[in-house]
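> need a structure here:
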Amino acid sequence: MAQVKTDPDLIPGGSQFVAAPPRLEESDAAAIAEHHFGLTGQCSLLTSERDQNFRLSCADGSSYVLKITNPAEAEEITRAQVATLEHIARRDPGLPVPRTVPTRDGEFAASIKLPGGGVTRARIMTYLPGQQLRHAVQSRALRCNIARMAARLDRALSDLPHPGVAQDILWDISETHRVRPLLSRIAGDERRALAGVFLDRFCDHVLPQLHGLRRQFIHNDLNPYNIVVDPTRPEHPSGFLDFGDMVEAPLINELAVAAAYEDYAQPDWAETLAAVISAYHEITPLTEAELALLPDLIAARQVLTVSITEWRAARYPENRDYILRNNAGAWTSLAALRGMADGQLRDMVLTAVEARA
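This next block holds a predicted model:
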């Protein structure tokens, strides 16, 4: 088992979570958009975990997202995110993801000073219309279409050139073992024990097998806040947002993240999950080894969710509600997965995929 430092604030991959998000006023954001990007409009604050995001609404009806990057994010990582969006636009122009808007000087971002000192970067992207998945009418058809779009995205990312720098972030399922020190931050003996069961299984069963899986860059955060749906076509996603958690990892981790946000409180959750996995497999076929590990990778994502969010909520109580937005669902998921017989979900997934072959 990999060794980690005992201080949770020093966990490898945690540096981006230690620095507080920027805190600009909406008027400051509007001034940045006009001065650096030549766009005039009203800014309204959007929710975010590590950065600070604003919606910029212009008089001509156009909208953009102004992102004020967390100062802990290296410039190379920001450049890599911009290059990723440009690569997707070339590989699959019809795939609905944001497009980067250059500065007046043709740069990918502008250097700005933060209140109280410090320097970071501001960049602007196009705004994708639609409603966040968390507000959309849920259906199995919608979830399957999201899986198909995710498979398209991963096909577009499959030949993304390596930017020369790899983001090290706690949200990488492949590194789930690193959050063990955070389990102590989970309230309640039963919950700590439940998370510990799945963490032990990841370390003993999953981690040794990850090196044999195909790897590529993945979005890594297809949660209900980062997927928008067309309200006029409620069974169809209209875009994917926020590439801030992008990592190079086993391809199957992408589907594990998306599948972690199914509604595990529903009695037919396992059947829906199998259908969603099969839908992804239609576009980007998965190997038997990838499919066999998928249930454990879904559980590992939930272990990351409960441990990271409870740690960060204690660190940043002013943003507690947003940080814990997916926490309750993660506990429901872990309880549901724990309630299945060993190998039952894996067999359901393999059977569903074989039936569509």
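
> With adjacent residues omitted, what lies nearest to Ala20?
In space, and not counting its chain neighbours, Ala20 is closest to Tyr316: 6.9 Å by Cβ to Cβ, 6 or more residues apart in numbering. Backbone N, C-alpha and C define where each C-beta goes, glycine included.

> I misspoke; the intended subject was His281.
Val353 (5.1 Å).

> cool, Leu286 as well?
Ile252 (6.5 Å).

> I figured that neighbour was touching Ala292, is that so?
No - contact criterion Cβ atoms under 8 Å: Ile252 and Ala292 do not qualify, at 9.7 Å.

> When those two are compared, which one has more neighbours?
Legend: neighbour count by other Cβ atoms under 10 Å for Ile252 and Ala292, higher for Ile252 (26 against 17).

> ok, now which ones touch that one?
Leu213, Leu286, Glu290, Leu291, Leu293, Leu294, Leu297 (Cβ atoms under 8 Å, 6 or more residues apart in numbering).

> And the pLDDT for it?
According to the prediction, Ile252 has pLDDT 97.

> coming back round to it: and the residue nearest to Ala20, how close does it get to Ile68?
16 Å (Cβ to Cβ, to the nearest Å).

> And for Arg104?
18 Å.

> Could you do Phe54 as well?
Distance from Phe54 to Ile68, by Cβ to Cβ: 8 Å.

> what does the helix or strand harbouring Met125 contact?
Using DSSP states H and E, Met125 maps to strand 119-126. Strand 119-126 is contacted from outside by 22, 32-33, 36-37, 39, 56, 64-71, 73, 75, 78, 82, 85, 98-101, 108-114, using Cβ under 8 Å, 6+ apart.

> From the residues you listed, which land in helices?
Ile32, Ala33, His36, Phe37, Glu75, Thr78, Val82, Leu85 (DSSP state H).

> Would you mind measuring from the fourth one to His135?
When Cβ to Cβ is applied, the distance between Phe37 and His135 equals 29 Å.

> In terms of neighbours, single out the busier of those two.
It is Phe37, of Phe37 and His135, that has more neighbours when counted by other Cβ under 10 Å, with 21 against 12.

> With adjacent residues omitted, what lies nearest to that one?
Excluding its sequence neighbours, the residue lying closest to Phe37 (Cβ to Cβ, 6+ apart) is Ile124, at 5.2 Å.
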